[in-house]
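A.B. asks: Only the shape, not the letters, is given here:
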């Protein structure tokens, strides 16, 4: 029997998509990658996922796992050959358990992140993973790429929020590692091996995640800064002053917010123009008054030390949301302006000013007039170091220089002890670059792990490993 | 040339110990395991460690890494064959870097944990890993076993505190993964694979670790509780009330503190007898007054709700230390009483009362009059569920029943969804049991990883994998 027929027998014909029905799964949301597939299948249980993997193995068909298809590195798009089966996890969307005594939630991989946040909130708990695509990305995709976002400073990446996983291995077995234990030292850390492996070792089908108490109050402020050095100094002040209450520290260049106010004229900057802005969020377990009091204490220090020039403290939830909305609109505003060249990089926070100064200068020398739209999670040393074309260069001509820009920026990241992918993963986008920046020892270890766990190389081929 | 001569040529004859000089390295500190070795070597650099590994590979000699030799599962003791080379990391004891901007410290594997804590404190920072053997255990051993301790509730296990590692692989290569990045999604998580692998995949030679701000004030209290159920309810109250300020939540049965006051008569209990005690610690980033105020608020609630019967709040650092000293003296007091049967287990915190009630009853049925010395890190669901002999049974006869007791307790842990090793690892002690409690899928994945990264099986053979 052919694979398509066997898949239809297993899942029902309605869950095996081909032709036009399959098309939305074959292009990533930014439209950068388009592939082809024998079929897109939509299993509804972990057992069905395991069955799909076993069938694909028997037929030698590559398997491409896909969550919400919101990835930024082409990790969920098949290649052009058309032999692959895309396994969409979106129908794995059940809440399996929520435990407010142990503060854990167990959800299936296809649950949308925002839905998981909502389930937690309805139970009086916080699930802190938060990122721009939270309305459509899935928890399985978040774990497969070890997603970051805006709360990493306090709560860690997706990795730190996962206590247990259920995974369909490359053999088509189910590994039931769905435990909510805070401590479990019984052998190799399989959980963290699958997290961040972008579907190249298996398919995550469910996870037990950590929940936290909901903050009693939050305080948000936009702070005007004379320089990036001041931003780093303010981060130190905020870490010391707020401790674990500091839940957000974003930085944005003037150009980043300028493009937002041009693209979305209804969004207003509450402060006058300044080279850099920081967005701070403090979460308090006591009261709004206590949060405000602490906040003003640290801001006062920052103003007195000349680190900050001015600050707008949100007086209401609506104002706080408006400040976050400025930050979260940068990517969309950049898209409105046209294609740009994005970098998701990290360097130690203390080296960020030197990195930005050096890299800006190199880019200006290479492409005079290029615009730097630099923003990101300064608290984690993670910048979205994006580059927009100079008005004098046509969009198509600018994109032709993409690889040259990648090389320049990533060489600079590497020289500053940083990472060429802070939170978006490698996918197919940065696969070639991994060979340049990872040590041969690390690459050899990774290849041997891949070979050991997926000897036929059918799990998401062409992703991560160069 | 024979291996001993080659090792002496590489390291100098003084760093290759045999005979009586080697003896202290060949028995674990509890005296449960004694092995034999061709030699104990003491390399002083990662390059020397790599050289030792390459020599041992060439001669087909097993390699047993050892840190402070304070492990509780026999993971650092060679077998009786005498072919192994024990690689002591104690001379790798340098502070490589301390960065208060990025809040990271880079230390070599042989640094004693307390020394690392001291280096951090001298720089105005906290390195929060804290456990009973901190005066002699090494950071390398802590990472190889993913050590836990008393601050896990807030700061996580050794795993969560490590940002980067330097590892000598089983091939004798050096993997330089010493990065202090908070975000780095560039391929498989090699770091977490080596952490907790107990020297069976390679030898950790250095680590970059997270630092935290020092708390401005701490508040500690011993609370008298009518039941273990009350302890779990108090934990919920404390988590909600303190948030991230809750840095310790230990529980101790009456029998646990009774053995301390009998063994060490100078240690006094500040509260009258009660079935259970909780030791709470809150770390505050504001002031001592603020810490006390919050503390009294939560305790008041607990007293009003009948969860707590009484509480002794430390009024000074000395009193706080005395309370912690009670907790930390339980193991030593048990040793003073004679051998006992220890279990380092975890179950979800909410299931702890049911687990203890069920397991106590099973043990009493099997060995009437057995004494339960139950204590541990309730905040992490981690109990040291220790069992002392009934006065009527001779010590030697009691220890003969050790395997029966292990089986009974670990079967009960497994039935309650828990782990048979929460923070001590598997070593040789629990290797056989892993086959009983790990799924065949998990064991197969682990074996394939071991085979891929250590194909000749020379790294710490006979540990972890059944």
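C.D. replies: Received the coordinates, thanks. Everything numeric here is computed off the predicted structure, so don't read it as measured data.

A.B. asks: Next up, phi/psi of residue A:384, please.
C.D. replies: For residue A:384, the backbone dihedrals are phi -100, psi 100 (criterion: degrees, to the nearest 10).

A.B. asks: excluding its backbone neighbours, what's nearest it?
C.D. replies: Nearest non-adjacent residue to residue A:384, counting by C-beta to C-beta, 6 or more residues apart in numbering or on different chains: residue A:376, 4.5 Å away. The way it works is simple: take the backbone N, C-alpha and C, and place the C-beta from them, glycine included.

A.B. asks: now stretch A:183-190, how far from the centre of its chain.
C.D. replies: 26 Å (C-alpha atoms, centre = their mean, to the nearest Å).

A.B. asks: right, is that stretch up against chain B?
C.D. replies: Yes. Judged by C-beta under 8 Å from any C-beta of the partner chain, stretch A:183-190 and chain B are in contact via A:183-190.

A.B. asks: Kindly report the same for stretch A:128-145.
C.D. replies: Yes. Stretch A:128-145 comes into contact with chain B (C-beta under 8 Å from any C-beta), by way of residue A:145.

A.B. asks: How far does that stretch sit from its chain's centre?
C.D. replies: Computed by C-alpha atoms, centre = their mean, the separation of stretch A:128-145 from the middle of its chain amounts to 7 Å.

A.B. asks: Buried residues in it, which are they?
C.D. replies: A:128-131, A:133-134, A:137-145 (16 or more other C-beta atoms under 10 Å in any protein chain shown).

A.B. asks: which one of those is nearest residue A:221?
C.D. replies: Of all those, residue A:130 has the smallest distance to residue A:221: 18.2 Å, by C-beta to C-beta.

A.B. asks: Let me know the pLDDT of the closest one.
C.D. replies: Residue A:130 is assigned 95 on the pLDDT scale.

A.B. asks: Contacts only, for it.
C.D. replies: Contacts for residue A:130 were tallied using C-beta atoms under 8 Å, 6 or more residues apart in numbering or on different chains; they are A:113, A:117, A:149-151.

A.B. asks: Quick check: residue A:325 is in a strand.
C.D. replies: No. Using DSSP: H, G, I helix; E, B strand; the rest coil, the secondary structure at residue A:325 is helix, not a strand.

A.B. asks: Quick check: the gap between it and residue A:451.
C.D. replies: Look at residue A:325 and residue A:451: by C-beta to C-beta, to the nearest Å, they are 46 Å apart.

A.B. asks: for residue A:265, same thing?
C.D. replies: From residue A:265 to residue A:451 the distance is 55 Å (C-beta to C-beta).

A.B. asks: Ok, residue A:121 next?
C.D. replies: 43 Å.

A.B. asks: before we move on, what about residue A:112?
C.D. replies: Distance of residue A:112 to residue A:451, given as C-beta to C-beta: 34 Å.

A.B. asks: out of these two, which sits in the more crowded spot?
C.D. replies: More crowded of residue A:112 and residue A:451, by other C-beta atoms under 10 Å in any protein chain shown: residue A:112, with 21 against 14.

A.B. asks: Got the phi and psi for residue A:301?
C.D. replies: Per degrees, to the nearest 10, the backbone of residue A:301 is at phi -60, psi -50.

A.B. asks: okay, now residue A:45: neighbour count?
C.D. replies: 14.

A.B. asks: no wait, residue A:443
C.D. replies: Number of residues near residue A:443 (other C-beta under 10 Å) recorded here: 15.

A.B. asks: May I ask which helix or strand encompasses it?
C.D. replies: helix A:440-453 (DSSP states H and E).

A.B. asks: Same question for residue A:412.
C.D. replies: Using DSSP H and E, residue A:412 falls in helix A:402-415.

A.B. asks: A helix includes residue A:360, no?
C.D. replies: Yes. Counting by three-state DSSP, residue A:360 is found in a helix.

A.B. asks: residues in contact with stretch A:112-124?
C.D. replies: For stretch A:112-124, the surrounding residues in contact (C-beta under 8 Å, 6+ apart) are A:68, A:93, A:95, A:98, A:100, A:105, A:107, A:126-127, A:129-131, A:133-139, A:142, A:209, A:211, A:214.

A.B. asks: Cross those against strands and list the overlap.
C.D. replies: Filtering the contacts of stretch A:112-124 for membership in strands, criterion DSSP state E, returns A:95, A:98, A:105, A:107, A:126, A:209.

A.B. asks: Pull the contacting residues for the nearest residue to residue A:348 once chain neighbours are set aside.
C.D. replies: In space, not counting the residues next to it along the chain, residue A:348 is nearest to residue B:102; the distance is 4.4 Å by C-beta to C-beta, 6+ apart. Residue B:102 makes contact with A:348-350, A:381, B:180 under the criterion C-beta under 8 Å, 6+ apart.

A.B. asks: Got the phi and psi for residue B:102?
C.D. replies: Here the main-chain torsion angles of residue B:102 (degrees, to the nearest 10) amount to phi -90, psi 0.

A.B. asks: Distance of it relative to residue B:179?
C.D. replies: For residue B:102 relative to residue B:179 (C-beta to C-beta), the value is 11 Å.

A.B. asks: again, but for residue A:323
C.D. replies: Counting by C-beta to C-beta, the gap from residue A:323 to residue B:179 is 32 Å.

A.B. asks: Equivalent analysis for residue A:368, please.
C.D. replies: In this view, residue A:368 and residue B:179 are 34 Å apart by C-beta to C-beta.

A.B. asks: okay, the two: which has more neighbours?
C.D. replies: Using other C-beta under 10 Å as the criterion, residue A:368 and residue B:179 rank with residue B:179 on top: 20 against 10.
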